[in-house]
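>>> next input, structure requested:
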Amino acid sequence: MKKSLLITLLFFASVANSQNAKQSSYSFSLEQAISHALANNYQAINATRDIESARQKKWETTAAGLPQINASVGYQNNFELQKQLIPAQFFGGEPGEFAEVAFGTKHTMAASATLSQLIFDGSYIVALQASKTYLKYYQNAKQKTDTEVREMVVNAYGNVLLAEESIAILEKNKTTLSKTLFDTEQTFKNGLIEEENVEQLQITLASVNSNLKNTQRLRDIAYKMLKISLGIDLGADLKLTDKLDSLSAANLAATFSQQGFNVGNNIDYQMAKNFEEQRTLELKLARSKALPSLAANLNFGYNAFNDQFAFFTQNQKWLNYSNLGIGLNVPIFSSFGRHAKTQQAKIALEQAKTQLTQTEQSLKLQYESAKSEYDFSVEEYATAKSNLNLAERIERKQQIKFTEGLSSSFDFSEAQRQLYTAQQSYLQSMVNIINKKAALEKITNSNPKN
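Just a heads-up that it's a prediction; the model follows:
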């Protein structure tokens with residue numbers, strides 16, 4: 001029996017450990033990474049909470065115009081009753097004399113309930129409209145956060161792939177160069193070439209080793225930046241399933257709409273429009289201050305008095321009271337204070353309209369710039385690819401000439417450096433296509449996943 005229990009406990013412990021291991025290990029394509037970030041990125045989480053807070057704020061505003069019920073209970077111990085002076089002749093005393101008299105009881109208790117209802121208030125109506133705009137603002141802010149998170153993940157994902165591809169190429173270059181250096185050293189030992197040829201290759205190899213170590217460090221940083229964007233622990237294992245060449249090819253193959261830029265789809269424009277709506281409501285609020293307000297309340301309560309604390313006995317007498325009140329407040333003259341506030345609200349609204357126009361023009365310029373940068377990245381990719389092919393052919397030819405003693409080590413090293421530069425330019429051009437396409441989609445809000 002004990003043995004069976006032990007096996008059962010070990011089984012559940014292994015399952016729990018397996019589940020914990022799964023939680024600390026992730027594997028994402030780019031789109032999977034974006035989906036995960038939209039749900040788990042720290043900024044995205046707080047943006048969602050802002051929306052929920054705005055919903056609660058909206059209900060708080062709505063509730064201000066609904067019936068309000070408040071109750072109160074009070075107790076007072078008059079351990080020294082207040083004295084009053086009255087003419088003594090009321091009690092048979094001499095005229096002109098006064099007697100001290102204490103009114104009231106030592107113990108007093110009161111209980112009451114009040115029902116209040118706002119009947120009409122212009123500012124309340126405007127507040128209801130403003131609460132909807134307030135909620136819409138945070139919904140737009142969440143959408144803006146999502147677009148920024150998406151672009152952030154795309155850039156971070158591309159940087160990791162760039163580092164991985166760079167390391168792979170540098171390691172390949174290192175292997176090839178090490179073999180060439182070994183062969184050159186053997187040739188030098190046989191006295192067939194000068195020592196300068198060996199030294200030149202040693203310099204190139206040292207540079208490759210240094211770049212390899214630096215890129216490995218950059219890869220670690222790139223992974224951590226991506227993990228932060230995804231909202232996962234920095235110590236978690238992360239594997240990327242997409243490849244740099246396939247992503248760049250997909251962004252090249254994806255057709256982009258040439259129907260023009262609809263600025264109304266941009267979230268920054270929508271937020272500027274929302275800001276204009278807020279200023280319009282502030283003007284309405286300022287004007288509503290000149291309208292009368294009407295409210296009503298119903299009060300009901302009990303009072304009890306006793307020289308002993310016996311309020312909860314059957315003999316205690318409670319005296320009830322009730323009343324209904326209606327209040328009308330009519331603004332008449334404020335020495336032009338309300339007029340000044342209204343004028344301020346008008347100015348603020350005009351400023352918001354100007355800001356909206358500025359945002360529209362600025363976004364159109366940003367679109368033209370982003371479109372130009374994307375087109376240039378495509379052209380740059382084609383150039384980098386062509387240059388890489390040329391650099392590879394030149395390097396192969398120089399290697400053959402160097403091996404056969406027909407070329408100097410300087411010419412061979414120069415061809416190698418040219419090849420290494422072309423390799424990095426080609427990798428960077430692929431990343432640029434991915435990043436520039438993401439920036440363009442952010443402005444146009446054209447990403448189908450949004």
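>>> okay, now Leu161: neighbour count?
Neighbour count of Leu161, defined by other C-beta atoms under 10 Å: 25. Any C-beta I mention is one placed from the backbone N, CA and C, and that applies to glycine too.
>>> leaving out chain neighbours, which residue sits closest to it?
Nearest residue to Leu161, sequence neighbours excluded (C-beta to C-beta, 6 or more residues apart in numbering): Leu244, at 4.1 Å.
>>> do the same with Ala348
Arg279 (5.0 Å).
>>> do the same with Ala88
Among residues not flanking Ala88 along the chain, Glu97 sits closest, at 3.9 Å (C-beta to C-beta, 6+ apart).
>>> just Glu276 next, same as before
Nearest residue to Glu276 in three dimensions, chain neighbours excluded: Ala352, at 4.3 Å (C-beta to C-beta, 6+ apart).
>>> and that neighbour, which helix or strand is it part of?
helix 337-403 (DSSP states H and E).
>>> which other helices and strands does that helix contact?
helix 244-253, helix 267-288, helix 409-444 (3 or more C-beta pairs under 8 Å, 6 or more residues apart in numbering; DSSP states H and E).
>>> one more time with 10 Å, if that's ok
Under the contact criterion of 3 or more C-beta pairs under 10 Å, 6 or more residues apart in numbering; DSSP states H and E, helix 337-403 touches helix 122-189, helix 195-230, helix 244-253, helix 267-288, helix 409-444.
>>> before we move on, back to that, residues contacting the residue nearest to Ala88?
85, 87-89, 91 (C-beta atoms under 10 Å, 6 or more residues apart in numbering).
>>> Tyr374: neighbouring residues, count only.
Other residues lying near Tyr374 total 21 when counted by other C-beta under 10 Å.
>>> typo on my end, Leu201
That count, for Leu201 with other C-beta under 10 Å as the rule, works out to 23.
>>> and what of the one 10 residues further on?
Summarising burial for Asn211: neighbours were counted as other C-beta under 10 Å, giving 17.
>>> report pLDDT for it.
The model reports Asn211 with a pLDDT of 95.
>>> which non-adjacent residue is nearest it?
Asn211 sits nearest to Leu170 (C-beta to C-beta, 6+ apart), 5.9 Å away.
>>> wait, doesn't that neighbour sit right on Leu205?
No. Counting by C-beta atoms under 10 Å, Leu170 does not reach Leu205; the two are 11.2 Å apart.
>>> neighbour count winner among those two?
Shown here are Leu170 and Leu205; by other C-beta under 10 Å, Leu170 has more neighbours (22 against 17).
>>> give the contact list for the more buried one.
The contact partners of Leu170, taken as C-beta under 10 Å, 6+ apart, are 208-216, 420, 423-424.
>>> report the buried members of those residues.
In the contacts of Leu170, burial by neighbour count holds for 208, 211-212, 215, 420, 423-424, counting by 16 or more other C-beta atoms under 10 Å.
>>> I'd like the residues you listed laid out as CSV, including distance to Thr147.
Formatted as CSV, those follow (distance: C-beta to C-beta, whole Å):
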residue, distance to Thr147
Val208, 40
Asn211, 35
Leu212, 36
Thr215, 30
Tyr420, 37
Gln423, 33
Gln424, 30
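>>> low-confidence stretches in the stretch 351-450 of the chain?
Applying pLDDT under 70 to the stretch 351-450 of the chain flags the ranges 446-450.
>>> try 90 this time
Applying pLDDT under 90 to the stretch 351-450 of the chain flags the ranges 399-413, 445-450.
>>> Tyr381 is in contact with the residue nearest to Leu161, correct?
No. Using C-beta under 10 Å, Leu244 is not in contact with Tyr381, being 11.6 Å away.
>>> which residues are in contact with each of the two?
Common neighbours of Leu244 and Tyr381, counting by C-beta under 10 Å, 6+ apart, are 430-431, 433.
>>> ok, and the most crowded of the residues you listed?
Met430 (27 neighbours).
>>> OK, contacts around the closest residue to that one other than its chain neighbours?
Computed as C-beta to C-beta, 6+ apart, the closest residue to Met430 that is not its neighbour in sequence is Ser248, at 3.8 Å. Residues near Ser248 by C-beta under 10 Å, 6+ apart: 158, 161, 377-378, 381, 427, 429-434, 437.
>>> how many neighbours does Lys227 have?
Neighbour number of Lys227 under other C-beta under 10 Å is 18.
>>> wait, it sits on Gly235?
Yes. Using C-beta under 10 Å, Lys227 and Gly235 qualify as a contacting pair, with a distance of 8.8 Å.
>>> okay, now the domains of this protein?
Annotated domains of the chain cover 27-65+121-291+335-444, 76-119+300-330 [automatic domain parsing].
>>> buried deepest among those domains, which one?
Comparing those by mean neighbour count (mean count of other C-beta atoms under 10 Å), domain 27-65+121-291+335-444 comes out on top with a mean of 17.
>>> what about that one, how long is it end to end?
Start-to-end span of domain 27-65+121-291+335-444 (C-alpha to C-alpha, to the nearest Å) is 30 Å.
>>> using the centroid of this protein, identify the residue furthest from it.
Computed with C-alpha atoms, centre = their mean, the maximum C-alpha offset from the centroid of the chain is found at Glu94, amounting to 85.6 Å.
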